[in-house]
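Participant: Here is a sequence together with a model predicted from it:
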Amino acid sequence: MIEMPPLKFAQTNGIRMGYYEAGPVTDKPPMVLCHGWPELAFSWRHQLKALSEAGIRVVAPDQRGYGATDRPEPVEAYDMEHLTSDLVGLLDHLGIDKAIFVGHDWGGFVVWQMPLRHPTRVAGVVGVNTPHWDRAPMDPIALFRQRFGDQMYIVQFQDPAREPDRIFGSRVEQTFDAFMRKPLSRPEAKPSEAPVAGVGASSKTNLAFPQMVAAYDAKVDPRTPILSAEEKNVFVDTFTRTGFTGGINWYRNFTRNWERTKGQDHHVHVPSLMIMAENDAVLPPSAADGMEKLVPDLEKYLVRDSGHWTQQEKPEEVSAKLIEWRRRRFG
């Protein structure tokens, strides 16, 4: 039986946003949980339950382009300015002064931007798998293309014909079968395979995700699924209805976001926690090396034996760490 609080809606920053809320409204500062791609607020179902039962107010939105939230047409409507302002509008709607922002995967990029763009609204930041980096030395798409080639999924996502959107959208169950699994144990990466700062994945990782999904056959996959049939149906039913373009449009703003952060101070001046997953091939723990230079008040925590979908693969451990850190740092 899946437990989720009731779906609510907020008008924020020109869109209607769907969100879930649990825990005592008197609790300050609340935690706002921001999902990644291709995910939903539902990805935080375990933490919504555990944190609220621990007496913490917790809010998890379907972010712009996803699930119950509006999906504007223009690609520029998904830039970092819009994504962070959506969260400020959500706080306004809920009457919240400051929050701790917790982000996994793409949600991590957004929450690390919150204290840079909206410092008065941020009490703390937690990155789950996604570290905070300085501004890349060149256009990130050019960097991805140079390092990984034209088949790298983020480079493919720039395709104006939207072929990746079509591949995933015509194979929704196949997409979640392929993605939402525990990785096979793998040997330690050699130095030559280490991730690049500001990029993440090692050059040895197969990142041609659209082709991987198109050729995928669940019957021959030795990896263990992390979702029950009922949980998988939530993702499949939702993305069958919405398609994948809203979420992929976040990636189509890499260059725009990079251009618009010229001169931005990337130092984070709030209490921060970096939760790393030992076996994440795209955002490995080594991607967080040196973060302390930009985030002076930083604590790091390694979740062993977890791949990329950390809060769903190791829900008890992630929830326990969030509760422990939140109590210790914020009372």
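Facilitator: Sure thing, it's come through. These numbers come from a predicted model, not from an experiment. Residues are numbered from 1 along each chain as shown.

Participant: outside of the one helix or strand Phe176 maps to, which residues touch it?
Facilitator: For Phe176, the host element (DSSP states H and E) is helix 172-179. Under the contact criterion Cβ atoms under 8 Å, 6 or more residues apart in numbering, helix 172-179 has outside partners 38, 168, 212-213, 216, 218, 221, 225, 227, 232, 235-236, 239-240, 244, 309. Where C-beta positions appear, they are placed from N, C-alpha and C, glycine not excepted.

Participant: What is the burial count for Arg223?
Facilitator: Arg223 is flanked by 14 other residues according to other Cβ atoms under 10 Å.

Participant: Name all residues that make contact with it.
Facilitator: Neighbouring residues of Arg223 by Cβ under 8 Å, 6+ apart: 181-184.

Participant: which one of these sits closest to Pro119?
Facilitator: The nearest member of these to Pro119, counting by Cβ to Cβ, is Pro183 at 36.5 Å.

Participant: for that closest one, what are its contacts?
Facilitator: So Pro183 contacts 223, 279-281, 307-308 (Cβ under 8 Å, 6+ apart).

Participant: Identify the residue nearest Cys34 in space, chain neighbours excluded?
Facilitator: Distance criterion Cβ to Cβ, 6 or more residues apart in numbering; nearest residue to Cys34, sequence neighbours excluded, is Gly107 at 3.2 Å.

Participant: With only the CA atoms kept, save the host helix or strand of Leu273 in CSV.
Facilitator: In the assignment (DSSP H and E), Leu273 maps to strand 272-277. Provided in CSV are the C-alpha atoms of strand 272-277 (Å, rounded to 0.1, in the frame of the first residue of the first chain):
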residue,chain,number,x,y,z
SER,A,272,24.7,22.2,4.0
LEU,A,273,24.7,18.4,3.8
MET,A,274,26.0,16.4,0.8
ILE,A,275,24.5,12.9,0.7
MET,A,276,26.6,10.8,-1.8
ALA,A,277,25.8,7.3,-3.2
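
Participant: quick one: strands adjacent to it?
Facilitator: According to DSSP bridges, strand 272-277 has the following sheet partners: strand 122-128 (parallel), strand 298-303 (parallel).

Participant: Could I get these in JSON lines, plus columns for distance to Arg327 and mean pLDDT?
Facilitator: Listed next are these as JSON lines, based on distance: least, Cβ to Cβ, whole Å; pLDDT from 0 to 100:
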{"stretch": "strand 122-128", "distance to Arg327": "12", "mean pLDDT": "98"}
{"stretch": "strand 298-303", "distance to Arg327": "13", "mean pLDDT": "98"}
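
Participant: Relative to Ala288, which of those is closest?
Facilitator: Proximity to Ala288 (Cβ to Cβ) singles out strand 298-303 among these, at 6.5 Å.

Participant: ranges for the helices of the stretch 101-250 of the chain?
Facilitator: 106-117, 140-148, 153-156, 163-169, 172-179, 209-214, 229-242, 245-251 (DSSP state H, counting those that start in this stretch).
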